[in-house]
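> Need the 3D shape of this:
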Amino acid sequence: MNHIVKFNAVGGIFTPRVLQDIVEIAYSEKVENINFGPRQEIYLNVSQDNIDSFQQKLKDIHIDFELDVDNYPNIVSSYVAESILAPDNWLTEGIYKDIFDQFDTQPKLKINICDSVQTLVPFFSGELNFISSQSYQYWYLYLNFEGQDNVVLWNRLIYTTDIPKICKEIEELYINNKIKNPSEIIDIVNENTVFLFENITKELKVPRYVFPYYEGMVKYGDKYWLGVYRRDYLYPIPFIYELCRLCNDTNIGQLCITPWRTLIVKGIESRERIQWEKLLGKHGINLRHSSNELNWIVDDINSEEIELKKEIITNFNIDDVRTFGMVFGIKLNARKFIPASVIIEKCDTGTNSLPSFDIYYTDNFNPNNPNRNLFASGVYKKQLSEKLLELSKKFYNSLNELQVSFSINKTTETRKQTEQLDLDLYQCNSCFTVYDERYGDNMQNISKGTAFADLPHDYCCPTCESPKSDFLKINYDKILHVA
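Below is the predicted model:
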């Protein structure tokens, strides 16, 4: 019998020093791999023979953990995307960390804190979903409680410093007082508690989805960030230990975990890049996987889900199927929300039948859209790849019809509003990254409003480093890499 030990990395942030302490203990107790979870947490699989010693060593150095339970879900945030995978916004590193520091207890509800302009971290996978508004330091709040069918918008914007207090008030009403009606909770908190609110004058516009190429060694400004992905989501303990040591040796003070169960290291100096390349080579860590590999949400630490993903990807590669811009999710249990544009959900057919699956796709093929549609029902495993190929064709055939954005109302209904933009953009011909002069390129210190023609001659793609000459002019409605 093995035990699952969970460590929360609040906001998806962990210090290399603490992680090094954990993996040192893990190594001494014969643990071979570390695993990252879909809520940016850390997991270790420890044997029955070693669990008592493992727990005691963690307690000796005062590291908090949970054993075989998830009573305190990790706080998810889009901090991991800040400065590298999100356009400039008022939401800075300091604001994120101010919020995290003000939580004086561990929440029992799932909390997400997300920048509205990024697509790396899903918006609605929590129960309390804070999404940045256009107003400085104010947030939309969407309630999405487990077992309920609708996403409910709080009727006011909430100020940054009030987020932890609002969470505590809601948790008290929902868990301790057993009040399950979101509207009733909103009314009670608004009436009985003094907070700094602002009226909602604009609805949240969820942006058209841009697939986040979240792994590789990528330049931003005069530094690099490194994203590490493992096909089986297992990261060898010796590799993580040496990675932490290199962070400490090169003055990198934090590591970031993504909901894609990957690791991101920010702030690598150009002069130190070779040390990181040597580390990856020493441990056989491959970079630059295909989008068929990367665009999957496998939410459980579940070998069945991982094996199903591998089988489908193998068939995709055999048939040379293109899936760029889509996000696939596997749901083999009763989890509420999968942040994917295509959801493969296991049917409840009892124990005597071959397993079969229902396939859903979301409105607009946007992973952040909670509205979903049934595409195929009762599909056997050997038929899944064929059906998913049909759905991928549907996605590409509808690209010109997909909306630029959509609005979430109180009950998750979408307003079918298509923005008509007469705007020329430039797209990298290698990885499909788009340069939009409205945003510039903060990774390379290109200010907003800089026309493509005015970019320096040595400008390169921030994702794959292709030269400026590899960018092709494209109209907004022709973008091929967004859903």
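
> Let me see the ranges of the strands in the stretch 151-300 of the chain.
Taking DSSP state E, counting those that start in this stretch as the test, the strands found in the stretch 151-300 of the chain are 152-153, 156-159, 197-199, 205-207, 216-220, 223-228, 235-236, 255-257, 263-269, 296-298.

> partners of the longest one in the sheet?
Looking back up the chat, that one is strand 263-269. Each strand paired with strand 263-269, and its direction, by DSSP bridges: strand 223-228 (antiparallel), strand 255-257 (antiparallel).

> can you list the residues that contact that strand?
Strand 263-269 is contacted by residues 36, 80, 83-84, 214, 217, 223-228, 235, 243, 247, 250, 252, 254-258, 276 when judged by Cβ atoms under 8 Å, 6 or more residues apart in numbering. Glycine gets a C-beta too; all of them are placed from N, C-alpha and C.

> out of the strands paired with strand 263-269, which comes closest to Lys205?
Lys205 sits nearest to strand 255-257 of all the strands paired with strand 263-269, at 26.2 Å, using Cβ to Cβ.

> now the closest one: mean pLDDT?
On average, the pLDDT along strand 255-257 is 97.

> Quick one: distance of it to the chain centre.
12 Å (Cα atoms, centre = their mean, to the nearest Å).

> Equivalent analysis for stretch 183-200, please.
What separates the centre of stretch 183-200 from the centre of its chain is 29 Å, taken as Cα atoms, centre = their mean.

> Buried residues, that stretch. List them.
Neighbour-count burial for stretch 183-200, counted by 16 or more other Cβ atoms under 10 Å, picks out Ile185, Ile186, Ile188, Val189, Phe197, Ile200.

> Burial check on the residue nearest to the fourth one when sequence neighbours are not counted, number of neighbours?
By that I understand Val189. Taking Cβ to Cβ, 6 or more residues apart in numbering as the measure, Val189 lies nearest to Glu169, with 5.1 Å between them; neighbours along the chain are not counted. Using other Cβ atoms under 10 Å, the number of residues around Glu169 comes to 17.

> my guess is Glu169 meets Val194, correct?
No - taking Cβ atoms under 8 Å as the definition, Glu169 is not a contact partner of Val194, at 11.0 Å.

> Check which element follows the longest helix anywhere in the chain along the chain.
Ranked by residue count, the top helix of the chain under DSSP state H comes out as helix 303-318. Using DSSP states H and E, the helix or strand that directly follows helix 303-318 along the chain is strand 328-331.

> For that following strand, name the packing helices and strands.
Applying 3 or more Cβ pairs under 8 Å, 6 or more residues apart in numbering; DSSP states H and E, one finds that strand 328-331 makes contact with strand 296-298, helix 303-318, strand 342-346.

> right, so these: which one is the most enclosed?
Looking across the helices and strands packed on strand 328-331 with neighbours counted as mean count of other Cβ atoms under 10 Å, the highest average goes to strand 296-298: a mean of 24.

> how distant is that one from the center of its chain?
10 Å.
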